[in-house]
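> Using only what follows, build the 3D model:
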Amino acid sequence: MLKLQSKFDLQRDVVFDVLRKEASVCRVEEYSEAVDMCILNTERHGNILYSWKGATGTTRVGKYDPNTKHNKLLYTFDKQVCVSSCSLNKEETLLAVSMAQSTSREDCLRPMPKCLTLLIEIHPINNTKVLKAVDCRVRVQFLHPETDKGSMLESHLLLLTEDGYVDLYHVRLTKEEGYRVVMMNPERLSKSTERIVEDFSWIQWDGNTQRLYYLTHKDTFLLRCVQFYPNHNCETVMELPLELPAHPFRNVTFVNLGFDHYYKERAEQEHVRMEVFTNRIGSMCVCYSQSVNGKQEVIYTVVLVHKGCSKMFRVSLDGDQPPQKPYPLFIPIGYYILVYLSGHFLHCINTRQQEILCHSLFLSGNAADLGLHCQSASIAVLNLDERGAALLDLVNGRVYGAELSSAYLLQILKSDTPTCTSRCAGVPAVRRTLSAWLPSTASWFTWEMTQSWSCR
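Model prediction:
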């Protein structure tokens with residue numbers, strides 16, 4: 001179904017350079033010790049931020065540029081720290097870092113915040129400013145407006161907290177000695193901060209469009225969208241009511257805001273997983289799946305905002321053992337949404353022709369294998385364009401470019417093999433039943449459809 005092309009491999013593109021740096025630090029010809037390396041974030045235009053534990057008890061943060069295929073050391077901490085969130089401004093002069101603090105025996109008698117958030121000057125390495133010291137998770141993300149690199153002497157940083165609020169820091173910069181870029185009046189940084197979100201339970205960053213989506217709830221669930229402009233102004237451009245189950249998120253959920261390898265949320269605690277996808281061809285989809293207690297089935301909904309309707313799908317899973325994390329992965333490619341649950345099914349939904357049932361393609365068994373050697377829960381969807389998506393395999397540290405395979409689709413449409421696919425009603429491989437036509441209570445919906453399948 002998908003053509004996968006390797007775009008990045010942590011082992012191939014980074015580890016060799018890291019071992020060479022460590023050998024230089026240790027003054028040896030070859031450094032053979034293992035390095036504990038992890039991907040922290042992916043910035044706009046594909047830059048990948050990562051960290052590793054250095055040979056001398058340090059923690060280093062680096063950047064891989066997919067255009068030049070070069071690695072760059074950004075900063076070195078003089079001790080081992082747990083970097084849980086990281087972001088680099090567009091001019092590559094500031095590094096924002098959020099660190100999870102672990103309490104050792106000698107520190108147990110003195111109070112210590114669970115999370116420390118820093119803003120660091122790295123061109124050259126100079127001042128470090130503490131932004132937050134709190135007892136909750138914090139994510140950081142610089143805005144990357146469409147301006148010429150190096151033309152701005154001001155950076156804008158989002159600071160998002162588990163307590164449910166978002167602050168926007170306006171960081172003014174100045175040049176000294178012709179090349180040193182430093183913060184102007186760092187002691188007044190807190191006075192140039194504005195709160196743009198007061199309360200949320202779920203939040204997602206879209207780096208391509210510079211938009212922030214978040215979910216809030218009073219009488220009903222509202223999905224809001226904040227648009228950031230190149231002049232650093234922002235405004236709420238959308239409010240969308242959603243029908244979600246009660247208490248869908250037990251903990252605050254961050255989407256597309258880096259990867260925290262020190263916080264492990266148990267799958268059974270999550271009731272709903274949700275993502276928003278847009279592209280330049282004019283479509284907008286809100287996709288979410290929900291768990292069903294005591295049942296081997298998956299329920300997921302695709303809200304076609306650009307069409308003013310939604311679809312709910314229910315898939316029964318055969319087999320004695322349910323998936324460890326029964327939440328499918330949503331992959332947007334052009335005007336298609338692919339819904340993928342590793343080892344079970346792959347559902348291709350046409351978001352432009354949703355009224356015609358034959359424009360929904362459902363695969364199960366071997367035909368649903370995407371060729372990714374990990375569970376769907378370990379895959380993150382990265383930057384999108386009109387043709388394909390970028391998929392990050394967090395287990396193996398690899399990024400794949402993904403496009404629909406026209407040849408494979410033609411093969412499926414010509415195939416009469418029962419185990420291949422179900423493309424319309426009547427194909428025996430998958431029993432597909434139109435369960436109900438459900439009117440929506442939301443005024444902007446035209447209709448809602450529920451479809452059920454059984455995977456064999």
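> distance between the host helix or strand of residue 50 and the chain's centre?
Using DSSP states H and E, residue 50 maps to strand 48-53. Mean-position distance between strand 48-53 and its chain equals 17 Å (C-alpha atoms, centre = their mean, to the nearest Å).
> That strand: partners in the sheet, and parallel or antiparallel?
Strand 48-53 has these partner strands in its sheet, going by DSSP bridges: strand 37-42 (antiparallel), strand 59-65 (antiparallel).
> Using PDB, write out the CA atom coordinates for it.
In PDB, the C-alpha atoms belonging to strand 48-53 read as follows (Å, rounded to 0.1, in the frame of the first residue of the first chain):
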ATOM      1  CA  ILE A  48      16.200  16.600  13.900                       C
ATOM      2  CA  LEU A  49      17.300  17.300  17.500                       C
ATOM      3  CA  TYR A  50      18.800  14.500  19.500                       C
ATOM      4  CA  SER A  51      20.800  13.900  22.700                       C
ATOM      5  CA  TRP A  52      23.300  11.400  24.000                       C
ATOM      6  CA  LYS A  53      25.300  10.600  27.100                       C
END
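> helices and strands of the protein: which one has the lowest mean pLDDT?
None of the helices or strands of the chain scores lower by mean pLDDT, DSSP states H and E than strand 431-438, at a mean of 29.
> Residue 10 touches residue 398, doesn't it?
Yes - counting by C-beta atoms under 8 Å, residue 10 does reach residue 398; the two are 7.0 Å apart. Just so you know, the C-beta spots here come from the backbone N, C-alpha and C atoms, and that holds for glycine as well.
> if I pick the residue lying closest to residue 36 once chain neighbours are set aside, what's in contact with it?
In this structure, residue 36 finds its nearest non-sequential neighbour in residue 53, 4.4 Å apart by C-beta to C-beta, 6 or more residues apart in numbering. Each residue near residue 53 by C-beta atoms under 8 Å, 6 or more residues apart in numbering is listed here: 35-36, 59, 80.
> Nearest to residue 345, out of the strands paired with strand 48-53?
strand 37-42 (27.5 Å; C-beta to C-beta).
> got a list of contacts for the closest one?
Contacts for strand 37-42 (C-beta under 8 Å, 6+ apart): 10, 14-15, 18, 48-52, 61, 83, 85-87, 141, 207, 257-259, 261, 382-383, 392, 394, 397, 399.
> Narrow these to just the buried residues.
Among the contacts of strand 37-42, those classed as buried by 16 or more other C-beta atoms under 10 Å are 10, 14-15, 18, 48-52, 61, 83, 85-87, 141, 207, 257-259, 261, 382-383, 392, 397, 399.
> Quick check: helices, which of those are part of them?
Among the buried ones among the contacts of strand 37-42, the ones falling in helices (DSSP state H) are 10, 18.
> center of the chain, which residue is that?
Nearest to the geometric centre of the chain sits residue 256, at 2.6 Å (C-alpha atoms, centre = their mean).
> wait, doesn't that residue sit right on residue 202?
No - Residue 256 is beyond contact range of residue 202, at 11.7 Å (criterion: C-beta under 8 Å).
> what about residue 254, how many neighbours?
Counted with other C-beta atoms under 10 Å, the neighbours of residue 254 add up to 21.
> so it sits right up against residue 158, yeah?
No - using C-beta under 8 Å, residue 254 is not in contact with residue 158, being 11.2 Å away.
> In three-state terms, label residue 187 for me.
The three-state label given to residue 187 by DSSP: H, G, I helix; E, B strand; the rest coil is helix.
> Who are the contact partners of it?
Counted by C-beta under 8 Å, 6+ apart, residue 187 has zero contacts.
> For it, give its distance to residue 75.
According to C-beta to C-beta, to the nearest Å, residue 187 and residue 75 sit 22 Å apart.
> and if you look at residue 47?
15 Å.
> just residue 162 next, same as before
For residue 162, the distance to residue 75 equals 24 Å [C-beta to C-beta].
> For residue 154, give the beta-bridge partners.
Beta-bridge partners of residue 154, as defined by DSSP bridges: residue 172.
> give the contact list for it.
170-173, 232.
> Equivalent analysis for residue 290, please.
245, 248, 271-272, 299-300.
> repeat for residue 8
Counting by C-beta under 8 Å, 6+ apart, residue 8 has contacts 48, 64, 66, 398-399.
> Mind doing that once more with 6 Å?
Neighbouring residues of residue 8 by C-beta atoms under 6 Å, 6 or more residues apart in numbering: residue 399.
> Helix or strand: which one has it?
Per DSSP H and E: strand 2-9 holds residue 8.
> Distance from that strand to the middle of the chain?
18 Å.
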